Each structure stands twice: as structure tokens, then as C-alpha cells.
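>>> When you get a sec, could you give me coordinates for this:
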Amino acid sequence: TEAEASSLRFMREEEKLARDVYQSLFQKWNLVSFRNISASEQAHFEAVGALLTRYGISDPAANTAPGVYVDATLTALYNDLVAKAMRSAEDALAVGVMIEKQDIADLESAIHGTDKLDVKRVYTNLMNASHNHLEAFETACGLIAVAN
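Coordinates of the predicted model:
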């Protein structure tokens, strides 16, 4: 349906946003969490891309630079998150927590918005990974707090 196609396009850009932010933060803070999770986000990005291809849906993220999205709200969010995350490593990890919580909420909604089993499976796998990412960022935040 058009709603399912819209959801897939949004999830493609949301996975791109997470990857783009985490790559930027790894370059700034050199924290292994950002390197590892950005690689995972790349796999998520590709998984949603495969669904777009399978269903013949246009790809909003085709040939776009980091931080550039068709969805203007995501472009603004990217800019806001990166600006906040550049203040300190602790703020960067907090941004990771924020991204993963939003991603989980959006995936839960997307799962309920489709009857396609392959799409549900991909979304569920992405949501499970986002829970792991969230735990990793929250653990890293706790370690920094203890160190300070």
C-alpha cells in the first residue's frame, strides 16, 4: 500500500540518519561504540533498501550525501543531533540513546502498519538490533558517569 511504501521510505532515511550521525561521532570522539553501531546501521540501511527494490519503491536515499535527506524534518534533526553531540562524548552517547529510542518507537509503529511478512521480519530484526544499540549506549553513558 502507499502507507507501507511511505513507511519503508521513511525507515530507509531514518537508518541513514543513524548511520550518518554515528559515523560523524566516531570521527569526532573515536569511541568504538560509534564505529561498531554505524556499521550495523549500514546493514539496516541495506536491508530496508533491499525491500524498496523488491517492491519497486523509489529510494529517497539514493546518491545522497551524509546529513542530506528528502524528509526535511530528518535533515533538521540530523543537524540538531550532531550539534548537540559535538559538545562532549557524554552528549554524543546521549544522542545515541535518543536515536535508538526513537528508532524503536518508529519501528514498532511500522510493524503494526504492514501485513507483509518479509517487511515485518526486517522491521523486527532492526528493532531487536536497536534494543542492543540502546543498551550499548546506555552502558557507555554509565561508564563515563562513573569515570567522572
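
>>> ok, residue 110 to residue 50 distance?
16 Å (Cβ to Cβ, to the nearest Å). The C-beta positions use only the backbone N, C-alpha and C, and glycine is treated the same way.

>>> Look at these two and report which has more neighbours.
For residue 110 versus residue 50, neighbours defined as other Cβ atoms under 10 Å are more numerous around residue 110 (24 against 12).

>>> so who does the nearest residue to the more buried one once chain neighbours are set aside touch?
Using Cβ to Cβ, 6 or more residues apart in numbering and skipping the chain neighbours, the partner closest in space to residue 110 is residue 7 (4.7 Å). By Cβ atoms under 8 Å, 6 or more residues apart in numbering, the contact list for residue 7 reads 110, 113-114.

>>> For residue 59, give me the pLDDT.
Residue 59 is assigned a predicted lDDT (pLDDT) of 98.

>>> My guess is it contacts residue 50. True?
No. Using Cβ atoms under 8 Å, residue 59 makes no contact with residue 50, being 10.6 Å away.

>>> For the helix or strand hosting residue 36, C-alpha coordinates in PDB please.
Using DSSP states H and E, residue 36 falls within helix 32-54. Provided in PDB are the C-alpha atoms of helix 32-54 (Å, rounded to 0.1, in the frame of the first residue of the first chain):
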ATOM      1  CA  VAL A  32      34.300   2.100  19.400                       C
ATOM      2  CA  SER A  33      30.500   2.100  20.100                       C
ATOM      3  CA  PHE A  34      30.000   4.600  17.300                       C
ATOM      4  CA  ARG A  35      32.200   2.700  14.800                       C
ATOM      5  CA  ASN A  36      30.500  -0.700  15.500                       C
ATOM      6  CA  ILE A  37      27.000   0.600  15.600                       C
ATOM      7  CA  SER A  38      27.400   2.700  12.500                       C
ATOM      8  CA  ALA A  39      28.400  -0.500  10.700                       C
ATOM      9  CA  SER A  40      25.300  -2.100  12.000                       C
ATOM     10  CA  GLU A  41      23.200   0.800  10.800                       C
ATOM     11  CA  GLN A  42      24.700   0.400   7.400                       C
ATOM     12  CA  ALA A  43      23.400  -3.200   7.300                       C
ATOM     13  CA  HIS A  44      20.000  -1.900   8.400                       C
ATOM     14  CA  PHE A  45      20.100   0.700   5.700                       C
ATOM     15  CA  GLU A  46      20.900  -2.000   3.200                       C
ATOM     16  CA  ALA A  47      18.100  -4.300   4.500                       C
ATOM     17  CA  VAL A  48      15.500  -1.600   4.000                       C
ATOM     18  CA  GLY A  49      17.000  -0.800   0.600                       C
ATOM     19  CA  ALA A  50      16.500  -4.400  -0.400                       C
ATOM     20  CA  LEU A  51      12.800  -4.100   0.500                       C
ATOM     21  CA  LEU A  52      12.500  -0.900  -1.600                       C
ATOM     22  CA  THR A  53      14.000  -2.700  -4.500                       C
ATOM     23  CA  ARG A  54      11.800  -5.800  -4.100                       C
END
